[in-house]
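**Q** Need a 3D model of the sequence below.
(chains A and B)
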Amino acid sequence: MSGWKAGDLATPTENAKKEPSQMEGSEEAAVSGNIFIETHDDEGEIGTLDEPISVTLARDVKAILTKFVHVLLPVRSNKALLHDWDLWGPLCLCLTLSLLLHGRSTDHSDDKNTIHFVHVFLLVWGGAGVVTLNSQLLKGKVSFFQSVCTLGYCLLPLTLALLVLRILLSIDSLTPAIIFIKLALVGGALTWSIWASLGFLYDYLAVDRRALAIYPLVLFYLSIGCLIATQKSGLF
Amino acid sequence: MADVAQSFEVGSGASSTARLRHPIAAFFHVFFRASALVVYLILSFFFSDSFVELFISVIILLAFDFWTVKNVTGRLLVGLRWWNKVKDDGSSEWLFEAKQTNTTYWEAVIFWTALIVFPALWILCLFTAILKFSWTWAIIPLAGIALNGSNLVGYVRCKRDARARITAMAGKFIGRQIVSQTLNAGEQT
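**A** The predicted structure follows:
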C-alpha cells in the first residue's frame, strides 16, 4: 500500500470499516485516481493493477509448478489446488495426453487418427466436467472449476506413465514381460492419480454420499488408464 | 504517487498527445486472438489434413490470449482486472479491480473492439463448421468462444461494477467531505 496517509479523508474508524480501498494522498486523487482496489489473495496483497508483467507471470508460473508438486506428493491436509484454481495444468496435460495417445499410428492423413485425438481431448474435459457435475449434484462443497482443475492436475501420474510406457515400448516392444510392466505402470499411476485427487477432494464431498461421488471419479481415471494400457507402439 | 500524477496528466489532456501509452500491450492484445483466428481460417481452408497440429496451435494461441488479456492488457489498457475466487463453501466470487487513471481513448477503443469482435467471429466460424457438418472442426470455434467469451464477460461485469462503485463512491465522498469539514470547523472553534 504505497500512498496511504493516515487521517486522509475518513476518520480512523471509517478507515477500519472500509473495504481495503486505496485512497491516494490527496483529495482529488480520491475522486479521479485509485478509488478502489480489492485484495485478491490470502496474503493480503492489495492491488495488482500496477505490478510489472514479470510479477504476474512469475506468480502464475509458481502457482502452476506448486500444484504439480502437490499432485506428485499428495498430502491429505493440503488444499493448494483448491485455493486458486487454474486450467493451465489440465490444458498442458490434456494436450500431452492426446498427442501421445494419438501418435499410435504413423499415418497422419488417416481420418481415424484425428477422431482419436479429439476423442481423448473430449474425454478429458467432458469426463472432468461430468464428474464435477455429479459431485455438485450430490451437494459437494466444491465449485465447478476447482474440481475440474483438481481432476485435470491429477492426470499428471497417468501422463507420466504414458510417457514412460511409450519410451519403454520404443526400446523393446517384443519382450513378453512388457505386458506385466505395462500393467504395473498403469495400475500404479492410476492408483496415484485417484489417491491424489481424493486427497484434495475427499473432504469437500458430501459426507453421506461420498461413494456415489467417488465412483464416477474412479471410472474417469480408469477409462484414461485403459486407453494408456492399450498403447502398443513406441515413441520413436 | 505516480498514479496521481498520471491521473492529472489525463485530466489535463495528455491523452491526446500520447495516443498509446502501452503500444506493446495493445499489440499483443490483438495479436494472439487474431493469429488464433487466422491460423484456424487459413489452415482449415488449405491444410485440412493437419488437424492435430492446427488444433494444438490454435488452442495454445487462445490460451496465451486468455492469459494476456485477463492478466496484462486489461489493466494496462483500461485499468480493469477481474478475478474469480472460490470461497470455502464452494461458491465462487467475482472480484473486480479498477482504476481510472491511465486510459487513453485509442487504447480503450482497441481494447473493447477486440474484446467484442473476436467472440462474434468465433460464433460465425462455429456456424460455418456446423453447416459443413464437420463436428470435429466445430470444437475449435467452441474453444474460441469459451476462452474469448469468458474474458468478455469478465470485463463487461468488471466495467459495470466499476461504474456502479464510482457512483457510490462519489456520493460517499461528498457526504464524507461534509462530515470532515464540519468536524474541522468544530475543532477550529
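
**Q** what comes up buried for stretch B:136-145?
**A** Within stretch B:136-145, the residues scored as buried using 16 or more other C-beta atoms under 10 Å in any protein chain shown are B:136-141, B:143-145. Glycine gets a C-beta too; all of them are placed from N, C-alpha and C.

**Q** Also stretch B:33-40?
**A** For stretch B:33-40, the neighbour count (16+ other C-beta under 10 Å) marks B:33-37, B:39-40 as buried.

**Q** Let's see which of these end up in helices.
**A** In this view, those that belong to helices under DSSP state H are B:33-37, B:39-40.

**Q** Turn those residues into JSON lines, columns for pLDDT and distance to residue A:60.
**A** Output for these, formatted as JSON lines (pLDDT from 0 to 100; distance: C-beta to C-beta, whole Å):
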{"residue": "B:33", "pLDDT": "91", "distance to residue A:60": "19"}
{"residue": "B:34", "pLDDT": "93", "distance to residue A:60": "23"}
{"residue": "B:35", "pLDDT": "94", "distance to residue A:60": "21"}
{"residue": "B:36", "pLDDT": "93", "distance to residue A:60": "20"}
{"residue": "B:37", "pLDDT": "93", "distance to residue A:60": "24"}
{"residue": "B:39", "pLDDT": "91", "distance to residue A:60": "24"}
{"residue": "B:40", "pLDDT": "90", "distance to residue A:60": "26"}
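
**Q** Any chance of these in JSON lines with distance to residue A:224 as columns?
**A** Output for those, formatted as JSON lines (distance: C-beta to C-beta, whole Å):
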{"residue": "B:33", "distance to residue A:224": "31"}
{"residue": "B:34", "distance to residue A:224": "34"}
{"residue": "B:35", "distance to residue A:224": "31"}
{"residue": "B:36", "distance to residue A:224": "27"}
{"residue": "B:37", "distance to residue A:224": "31"}
{"residue": "B:39", "distance to residue A:224": "28"}
{"residue": "B:40", "distance to residue A:224": "27"}
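
**Q** Quick one: the strands in chain B, in order.
**A** B:80-86, B:92-98 (DSSP state E).

**Q** Which strands or helices does the last one pack on?
**A** Right, the one you point to is strand B:92-98. Applying 3 or more C-beta pairs under 8 Å, 6 or more residues apart in numbering or on different chains; DSSP states H and E, we find strand B:92-98 packed against strand B:80-86, helix B:135-188.

**Q** what's the longest one packed up against?
**A** The one in question is helix B:135-188. Helices and strands touching helix B:135-188, as assessed by 3+ C-beta pairs under 8 Å, 6+ apart, comprise helix A:27-32, helix A:111-137, helix B:23-46, helix B:51-68, strand B:80-86, strand B:92-98, helix B:105-131.

**Q** Can you flag the weakest of the ones you listed by average pLDDT?
**A** Lowest mean pLDDT within the helices and strands packed on helix B:135-188: helix A:27-32, at a mean of 36.

**Q** Pull out the buried positions in the very next helix or strand once past it.
**A** Per DSSP states H and E, the first helix or strand lying C-terminal to helix A:27-32 is helix A:53-72. Within helix A:53-72, the residues that count as buried by 16+ other C-beta under 10 Å are A:56, A:59, A:63, A:67, A:70-71.

**Q** swap in stretch A:128-144?
**A** Neighbour counts over stretch A:128-144 (16+ other C-beta under 10 Å) mark A:128, A:131-132, A:134-136, A:138, A:140-144 as buried.

**Q** what does stretch A:198-214 give?
**A** Neighbour-count burial for stretch A:198-214, with 16+ other C-beta under 10 Å as criterion, is recorded at A:198-201, A:203-205, A:210, A:213-214.

**Q** Of these, which are in range of chain B?
**A** When C-beta under 8 Å from any C-beta of the partner chain is applied, the members of these adjacent to chain B are residue A:204.

**Q** could the buried residues of stretch A:198-214 go into CSV alongside secondary structure, distance to residue B:114 and pLDDT?
**A** Shown next, in CSV, are the buried residues of stretch A:198-214 (DSSP: H, G, I helix; E, B strand; the rest coil; distance: C-beta to C-beta, whole Å; pLDDT from 0 to 100):
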residue, secondary structure, distance to residue B:114, pLDDT
A:198, helix, 42, 88
A:199, helix, 41, 85
A:200, helix, 37, 84
A:201, helix, 37, 84
A:203, helix, 42, 81
A:204, helix, 38, 81
A:205, coil, 41, 82
A:210, helix, 46, 85
A:213, helix, 41, 88
A:214, helix, 44, 91
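
**Q** Any chance of JSON lines for the buried residues of stretch A:198-214, columns distance to residue B:183?
**A** Shown next, in JSON lines, are the buried residues of stretch A:198-214 (distance: C-beta to C-beta, whole Å):
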{"residue": "A:198", "distance to residue B:183": "58"}
{"residue": "A:199", "distance to residue B:183": "56"}
{"residue": "A:200", "distance to residue B:183": "52"}
{"residue": "A:201", "distance to residue B:183": "53"}
{"residue": "A:203", "distance to residue B:183": "50"}
{"residue": "A:204", "distance to residue B:183": "49"}
{"residue": "A:205", "distance to residue B:183": "54"}
{"residue": "A:210", "distance to residue B:183": "58"}
{"residue": "A:213", "distance to residue B:183": "57"}
{"residue": "A:214", "distance to residue B:183": "61"}
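
**Q** Closest one to chain B out of the buried residues of stretch A:198-214, please.
**A** residue A:204 (6.8 Å; C-beta to the nearest C-beta).

**Q** looking at it, that closest one is touching residue A:139, isn't it?
**A** No. Contact status for residue A:204 versus residue A:139: not in contact, 10.4 Å apart, counting by C-beta atoms under 8 Å.

**Q** Now do residue A:209 against residue A:156, distance only.
**A** 27 Å (C-beta to C-beta, to the nearest Å).
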